[in-house]
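Trainee: Give me a model of this one.
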Amino acid sequence: MLTSRRYLFYLGVLLIYYCNCTPGFAQEQVPERTPPTATSGQVEIDAIRITRIKASDASPEADLTNMQLSMWIDVKDAKARAFLVWLVKLEPIADDMGKVLSTDDRRRDILPLAKEVLASELKTSRDRNGPVVSLWLDAPSRGASQLKSLKGRFEVTPAGTETLELENLPSIVGKQVKHKLLTETNVMVKSIEWGDYSTDVTLEVTGQHDRLINWTVAQDGQPLPPASLSKSAAGDLVQISGKGFRRLRPNENTSLLITVATVGKKQVIDFEFTDIDLP
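Mentor: Residues are numbered from 1 along each chain as shown. Have a look, this model is predicted:
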């Protein structure tokens, strides 16, 4: 006959066994992940990918051998979901055999090094949140095992979005759009080509182009999608054309809808890595 103490002991053992073996009570298993590659303050090396391809009939412009180095910036803002990034300083990057990977040609192709851009990749993990910026560089020497140094400075601005409606579209053709959110981005409706069945609208944008997130037109308050969008650039001038807007009429009930970035407080973030192991 079981005593009350022994009964409680066996009951406890059975409950522990049941909780561990029953799916509904199973403890959540946290998947193992690789540790951070390298960290410098708010900046972490997210990934290093080296590509070497030998191919027949490749064009002279084909980038068959390169290295993609991705940096993840923690902005200490858990709510932000968009970021404007400018790599304002980047010192030469070389491997441990003395080969410089950040050549002049490579630097010219690093868009955030030339101007502020809207980050195209975001990452949230381990209580860190922010944009990922990738640098495309020359591949290291085959015998190299490390990057000797990686040093520079980011300017990162958390951003939201706001949509502006500009009424009476025909009346603003040829005029610069005036709004407090467009002090660093200049937007002008260059032309409207009205058609019986569809209409083409062209915008010209100068200044901080990437702060113009999206745009369309509306008739009687109803946004209309274009059949196609095209974009061309000449220096600081960017021209964006929307073709094939249907049911658009040349009257005061036609409006322009533009979505722009609303910026938060800019952060200046320095980074400096040394002796980074290569894959």
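Trainee: Only C-alpha atoms from now on, for both contacts and neighbour counts.
Mentor: Fine.
Trainee: All the helices of the stretch 51-200 of the chain, residue numbers only.
Mentor: 104-108, 111-114 (DSSP state H, counting those that start in this stretch).
Trainee: right, and the ones you listed - which one's nearest A78?
Mentor: Shortest distance between A78 and the helices of the stretch 51-200 of the chain, using Cα to Cα, is found for helix 111-114: 22.8 Å.
Trainee: quick one: contacts of the closest one?
Mentor: Helix 111-114 is contacted by residues 85-90, 107-108, 117 when judged by Cα atoms under 8 Å, 6 or more residues apart in numbering.
Trainee: now those residues in JSON lines, with neighbour count, pLDDT and distance to S70?
Mentor: Converted to JSON lines, the contacts of helix 111-114 look like this (neighbours: other Cα atoms under 10 Å; pLDDT from 0 to 100; distance: Cα to Cα, whole Å):
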{"residue": "V85", "neighbour count": "24", "pLDDT": "96", "distance to S70": "14"}
{"residue": "W86", "neighbour count": "22", "pLDDT": "96", "distance to S70": "15"}
{"residue": "L87", "neighbour count": "22", "pLDDT": "98", "distance to S70": "13"}
{"residue": "V88", "neighbour count": "16", "pLDDT": "97", "distance to S70": "16"}
{"residue": "K89", "neighbour count": "14", "pLDDT": "97", "distance to S70": "16"}
{"residue": "L90", "neighbour count": "15", "pLDDT": "98", "distance to S70": "14"}
{"residue": "R107", "neighbour count": "18", "pLDDT": "97", "distance to S70": "15"}
{"residue": "R108", "neighbour count": "12", "pLDDT": "95", "distance to S70": "17"}
{"residue": "V117", "neighbour count": "19", "pLDDT": "90", "distance to S70": "16"}
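Trainee: where are the low-confidence patches of the stretch 1-150 of the chain?
Mentor: 1-31 (pLDDT under 70).
Trainee: change it to 90
Mentor: Along the stretch 1-150 of the chain, the model assigns pLDDT under 90 to residues 1-37, 60-61, 76-82, 115, 118, 120, 124-128.
Trainee: I73 against E44, yeah?
Mentor: Yes - using Cα atoms under 8 Å, I73 is in contact with E44, at 6.5 Å.
Trainee: more neighbours, the two?
Mentor: Remark: of I73 and E44, I73 carries more neighbours, 27 against 19, as counted by other Cα atoms under 10 Å.
Trainee: What distance do you get for the closest residue to that one other than its chain neighbours to K76?
Mentor: Among residues not flanking I73 along the chain, V43 sits closest, at 4.6 Å (Cα to Cα, 6 or more residues apart in numbering). Shown here: V43 relative to K76, a distance of 11 Å by Cα to Cα, to the nearest Å.
Trainee: So the two - more neighbours on which side?
Mentor: Set V43 next to K76 and count neighbours by other Cα under 10 Å: V43 wins out with 22 against 13.
Trainee: Give me the distance between the more buried one and K190.
Mentor: 41 Å.
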